[in-house]
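[1] Pasting the sequence and the predicted model now:
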Number of protein chains: 2
Amino acid sequence: MATQHTPQDQEPAGRQRTRRSPAPHERQRDAERTKARILDAAVEVFSAKGFDRARVTDIAERAGVNQQLISYYFNSKQGLYREIGRRWRAYEAETISDDLDFAEQIKRGVRASVDPRLGGRLLAWDGLYDTGEDDTGEDDTGEDDVEARERNAQLQHEVQVLRERQRAGEIDDRFDPAALILIGLSAGNALAVYPHLARGLFGTDTVSPELVEHYAEQLAQVIRSLPAAAPPSVPDSHT
Amino acid sequence: MATQHTPQDQEPAGRQRTRRSPAPHERQRDAERTKARILDAAVEVFSAKGFDRARVTDIAERAGVNQQLISYYFNSKQGLYREIGRRWRAYEAETISDDLDFAEQIKRGVRASVDPRLGGRLLAWDGLYDTGEDDTGEDDTGEDDVEARERNAQLQHEVQVLRERQRAGEIDDRFDPAALILIGLSAGNALAVYPHLARGLFGTDTVSPELVEHYAEQLAQVIRSLPAAAPPSVPDSHT
DNA sequence: AGAATAGTCAACTCGCGGTTTGATTAACTA
DNA sequence: TAGTTAATCAAACCGCGAGTTGACTATTCT
């Protein structure tokens, strides 16, 4: 009873479908276009307000389509949210362009995190909504599990990459790469996640692009100044 | 029509009221006790699930009181949330015990952030809900503004303190104290805000106390390794 | 003790917002 | 060009959950 209609859902992979319509742009009824519009709008709204506060009506409005189309293409608000998650993971998996100075990578992260269209806050929303997980009442394909696994793989990869560099002497090996990544990520998202603190701390009443740049640079600075080999002092002290 | 009853609301300041009831504990009807219970429960629930997902029923249940008492004492779910905010600010204002090694302070932050009873995630929720602010439809005393001002003052104080130390040569003065604080705070909350990432990164399926300690130590380590005076390299580069 | 008030409760209301239903029209096929 | 399917839409539905109502009881005051 869950899945009732739902059109062609996912095309195999090859983009162009059998029918090569003459005017792919002027078309007034174009599923692909509509879906894309909805997704774009959804990313913005979900990222800005979070799942609960996001209004399906709002998303539809921004996308310039009828509200019902959301259920039509994605079955439900949830479904839409899931789809976004998928896309996002795919997207960043390919644009992660590792083998790029850690600090620099973080810097990008900062910039990306405040771009409304990229939905950097989604990560934080997901984390906060993540209360212990597994509130599976009954049905529901273990959809979430799959997503989690996918994400974990990606994270582990990151850890691996960083560990390499560490081994290459770029960073003191007293640091746990996993911890470093978590620190970098969370700090990188700070402007997006704690805009109120940012305003208060920097004494501005908006998170301006300049501020973003400034913060990014500062954070990068911090990361760059991590010791590279055996540290000069800090002999472990207490405990 | 908003405020109809509401009891004595806030007692001036002096705790003991005129009537010194003989058995303050055994009492079966005790407003103060009930209020406290509600507040405690509320912190947990709000912190865990966020405002929207928090169910008034749930809070009441945990507090072991009737649901209606929430409206009775705090007028509304919102009111309860506000009150929590106030208390929290007050609380941390007094327990901030500054003039304590920055790294150490952050370390405490990490531990606090994962304690469900302390509601460390509230900060993140607030930040995420903070979409540009000022969605004031109409009424509503500029309550929020006051809170914001209060918070800002506190933040500025922190900045000031850190600036002192910086001037005292404890930290390289190329760093912006505001940025450092934001970094520290966000990274300090990371385990609480991104539990899913934490699990993925560290390969555990729970955020155990040991993990908390480990992460706290790592973060502290990072902070301690910040250069103290003129840095050896990094000649400023671009811009 | 008796009145007044503060604390507590169960049950009802009522709007908001996601989903369903059923019709309507564009696009494609035979 | 008729028939079929995909895309779109407006309106009705319906459950959830916060807030309200009005009664009932413990406490305190006189």
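    Received, thanks. Quick caveat: nothing in here was measured; it's all calculated off a predicted structure. Residues are numbered from 1 along each chain as shown, chains lettered A, B, ... in the order given.
[2] quick one: low-confidence ranges for chain A?
    Low-confidence segments of chain A, defined by pLDDT under 70: A:1-27, A:132-141, A:229-239.
[3] Residue numbers of chain A in contact with DNA strand D?
    Applying C-beta under 7 Å from any atom of the strand, one finds that chain A approaches DNA strand D through A:7-8, A:29-31, A:33-34, A:65-69, A:72. Backbone N, C-alpha and C define where each C-beta goes, glycine included.
[4] try 6 Å this time
    A:7, A:29-31, A:34, A:65-66, A:68-69, A:72 (C-beta under 6 Å from any atom of the strand).
[5] For those, work out which two are farthest apart.
    A:Asp30 and A:Gln68 (16.8 Å; C-beta to C-beta).
[6] These two - which one has more neighbours?
    A:Asp30 (15 against 10; other C-beta atoms under 10 Å in any protein chain shown).
[7] what's near enough to touch A:Asn152?
    Shown in contact with A:Asn152 (C-beta atoms under 8 Å, 6 or more residues apart in numbering or on different chains): B:199-200, B:203.
[8] let's go with 10 Å and repeat that
    Listed by C-beta atoms under 10 Å, 6 or more residues apart in numbering or on different chains, the contact set of A:Asn152 reads B:196-197, B:199-201, B:203.
[9] Filter those down to the buried ones.
    Listed as buried from the contacts of A:Asn152 are B:196-197, B:199-201; burial here means 16 or more other C-beta atoms under 10 Å in any protein chain shown.
[10] Roughly how far does A:Ala90 sit from A:Arg151?
    Noted for A:Ala90: a distance of 12 Å to A:Arg151, by C-beta to C-beta, to the nearest Å.
[11] And for A:Gln160?
    Counting by C-beta to C-beta, the gap from A:Gln160 to A:Arg151 is 15 Å.
[12] Ok, A:Phe51 next?
    From A:Phe51 to A:Arg151 the distance is 17 Å (C-beta to C-beta).
[13] I'd like the next helix or strand past the longest helix along chain A.
    If each helix of chain A is counted by residues according to DSSP state H, the longest one is helix A:143-167. Downstream of helix A:143-167, the first helix or strand assigned by DSSP states H and E is helix A:177-193.
[14] Return the distance of stretch A:205-214 from the chain's centre.
    21 Å (C-alpha atoms, centre = their mean, to the nearest Å).
[15] Report the backbone C-alpha coordinates of it in PDB.
    This file holds the C-alpha atoms of stretch A:205-214, laid out as PDB (Å, rounded to 0.1, in the frame of the first residue of the first chain):
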ATOM      1  CA  ASP A 205      24.400  41.500  12.300                       C
ATOM      2  CA  THR A 206      24.800  39.300   9.300                       C
ATOM      3  CA  VAL A 207      27.200  36.600   8.200                       C
ATOM      4  CA  SER A 208      28.700  38.500   5.300                       C
ATOM      5  CA  PRO A 209      30.900  37.000   2.600                       C
ATOM      6  CA  GLU A 210      33.800  38.800   4.000                       C
ATOM      7  CA  LEU A 211      33.200  37.300   7.400                       C
ATOM      8  CA  VAL A 212      33.000  33.900   5.700                       C
ATOM      9  CA  GLU A 213      36.300  34.400   4.000                       C
ATOM     10  CA  HIS A 214      37.900  35.700   7.200                       C
END
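[16] Name the residues of it that come out as buried.
    A:207, A:211-212, A:214.
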